[in-house]
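Peer 1: below are the sequence and a predicted model; questions follow.
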Amino acid sequence: MSLFVSHFLERMIAIWPYAALVVSMLFFASNHVLGRLIPGEVPPIGLSLWRWVLASLIMLPFTWKGLIHNAPLIRAHWKLFLQLTISLVLLGNTTVYIALNYTTAINAGIVAMAQPAATILLTWVIFQETVSRRQTIGAIIAGVGVTIVILRGDLQALTEIRFNIGDVWMVVSILGFTTYAIYLRKVPKGLPPLVLLNIIQILGIAVLLPFYLWETVYVLPMQLNPITVISVLWAGIIVAIGALLLWNIGNQALGANKASAFIYLRLLMITVLAMIILDEELSLYHAPSFVLIVAGVYLVSKAKRPVN
């Protein structure tokens with residue numbers, strides 16, 4: 001019996017990083033749906049800033065002792081933490097809210113597809129990390145599945161694509177989030193995930209503040225109403241804490257290349273949530289898309305992580 005329990009626990013420990021990434025993708029997908037629901041009503045930088053304020057205040061009672069204890073380590077690596085903050089908070093996340101004010105679902109999906117490829121490319125360029133054939137094939141298969149989803153099964157839609165400023169912001173988001181993901185490996189191993197997350201949240205507020213003040217004066221001030229309150233609560237608790245914490249855990253456990261493959265699941269989940277929340281209809285092409293995306297993620301996740 002004890003052998004069975006031991007084996008079961010080992011399996012759960014092995015599965016946990018993958019489960020964390022799946023749930024994080026669901027939370028991140030909800031963030032995209034939120035962004036599609038509120039354009040013109042909630043300023044994007046204001047939403048980003050206040051969600052980080054809320055998230056940091058919720059986390060602080062659980063992390064303040066860790067922040068004090070790790071103060072010497074934080075000071076020693078402040079450049080790394082600032083780089084992670086700019087990459088994630090400013091370039092990776094805030095730009096998504098900006099992009100969703102302008103770009104279409106098809107264009108945003110196509111641009112977002114580039115993130116796993118960008119991750120593999122940057123880890124190869126910056127860290128000389130080997131990319132296996134299985135990872136490459138898996139990324140291509142999943143990419144085909146996502147392409148079917150975002151083109152709605154109509155290849156002729158490719159000829160109708162027109163890129164706009166929203167697509168440019170999505171490219172910035174991809175590069176920011178990818179840079180954040182691959183540099184997580186540089187975080188000191190002894191730093192608890194919750195403390196790391198809180199550091200980025202607090203630094204994120206400082207980084208976003210000048211942009212928030214500019215947006216308030218020249219674009220749109222943040223109003224106190226039910227829409228902004230619900231948006232900040234969801235983006236602050238579910239996305240800024242839940243999604244990011246689970247992403248950090250899975251990314252650090254499996255590596256940036258494997259973790260990036262789960263981006264395809266996020267796109268699938270965006271589609272499902274859009275059908276439920278935005279009342280879009282399920283079509284025949286969703287079935288083969290689902291099979292291809294899951295198969296691609298499986299191939300990438302089963303590839304052995306290179307040792308450098």
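Peer 2: Cool, got the structure.
Peer 1: drop to CA atoms for contacts and neighbour counts, all remaining ones
Peer 2: Will do.
Peer 1: what's around Val42, how many residues?
Peer 2: Val42 is flanked by 23 other residues according to other Cα atoms under 10 Å.
Peer 1: try Gly190
Peer 2: Close neighbours of Gly190, defined as other Cα under 10 Å, add up to 8.
Peer 1: check Ala19 too.
Peer 2: Count around Ala19 with other Cα under 10 Å applied: 14.
Peer 1: what strand or helix carries it?
Peer 2: Under the criterion of DSSP states H and E, Ala19 resides in helix 2-37.
Peer 1: give the rounded mean pLDDT of that helix.
Peer 2: The pLDDT scores in helix 2-37 average 73.
Peer 1: can you pull the buried residues of whichever helix or strand comes after that helix?
Peer 2: Proceeding N to C from helix 2-37, the next assigned helix or strand is helix 44-69, under DSSP H and E. Burial within helix 44-69, assessed by neighbour count using 16 or more other Cα atoms under 10 Å, is assigned to 44-56, 59-60, 63, 66-67.
Peer 1: from Asp279, how far out is Arg266?
Peer 2: Arg266 sits 18 Å away from Asp279, taking Cα to Cα, to the nearest Å as the criterion.
Peer 1: who has more neighbours, those two?
Peer 2: Arg266 (23 against 10).
Peer 1: so what's that one up against?
Peer 2: Arg266 makes contact with 25-26, 28-29 under the criterion Cα atoms under 8 Å, 6 or more residues apart in numbering.
Peer 1: now distance to Glu215 too, for those residues, in CSV please.
Peer 2: What follows is those, written out as CSV (distance: Cα to Cα, whole Å):
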residue, distance to Glu215
Met25, 29
Leu26, 29
Phe28, 24
Ala29, 25
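Peer 1: give me the buried subset of those residues.
Peer 2: 25-26, 28-29.
Peer 1: from those residues, pick the one nearest Leu292.
Peer 2: Met25 (17.3 Å; Cα to Cα).
Peer 1: for Thr63, see how far away that closest one is.
Peer 2: Met25 is 25 Å from Thr63, by Cα to Cα.
Peer 1: over to Pro288?
Peer 2: From Pro288 to Thr63 the distance is 45 Å (Cα to Cα).
Peer 1: same question, Trp78
Peer 2: According to Cα to Cα, Trp78 stands 17 Å off from Thr63.
Peer 1: and for Gln83?
Peer 2: In terms of Cα to Cα, Gln83 sits 21 Å off from Thr63.
Peer 1: likewise Val195?
Peer 2: Taken as Cα to Cα, the span from Val195 to Thr63 is 6 Å.
Peer 1: next, Asn262: phi, psi?
Peer 2: Actually, residue 262 is Phe. It isn't Asn. The phi/psi pair for Phe262 (degrees, to the nearest 10) reads phi -70, psi -10.
Peer 1: go ahead and confirm it touches Val22.
Peer 2: Yes. At 6.9 Å, Phe262 and Val22 qualify as touching, with contact defined as Cα atoms under 8 Å.
Peer 1: neighbour count winner among the two?
Peer 2: Between Phe262 and Val22, counting by other Cα under 10 Å, Phe262 is the more crowded of the two (27 against 22).
Peer 1: tell me the confidence at the more buried one?
Peer 2: Reading off the model, Phe262 has pLDDT 81.
Peer 1: report the separation between it and Ala139.
Peer 2: Plainly put, Phe262 is 10 Å away from Ala139 if you go by Cα to Cα.
Peer 1: and Asn31, by the same measure?
Peer 2: 24 Å.
Peer 1: so the two - more neighbours on which side?
Peer 2: Ala139 (29 against 23).
Peer 1: helix or strand for the nearest residue to the more buried one once chain neighbours are set aside, which one?
Peer 2: Among residues not flanking Ala139 along the chain, Gly296 sits closest, at 5.8 Å (Cα to Cα, 6 or more residues apart in numbering). Taking DSSP H and E as the criterion, Gly296 maps to helix 286-302.
Peer 1: ok, now how distant is Pro61 from Leu194?
Peer 2: For Pro61, the distance to Leu194 - Cα to Cα - is 11 Å.
Peer 1: show me the shaky parts of the stretch 151-300 of the chain.
Peer 2: 151-164, 257, 278, 280-287, 290, 294, 297-298, 300 (pLDDT under 70).
Peer 1: helices along that one, start to end?
Peer 2: Shown for the stretch 151-300 of the chain, the helices assigned by DSSP state H, counting those that start in this stretch span residues 165-183, 193-218, 226-233, 244-254, 256-260, 263-277, 286-302.
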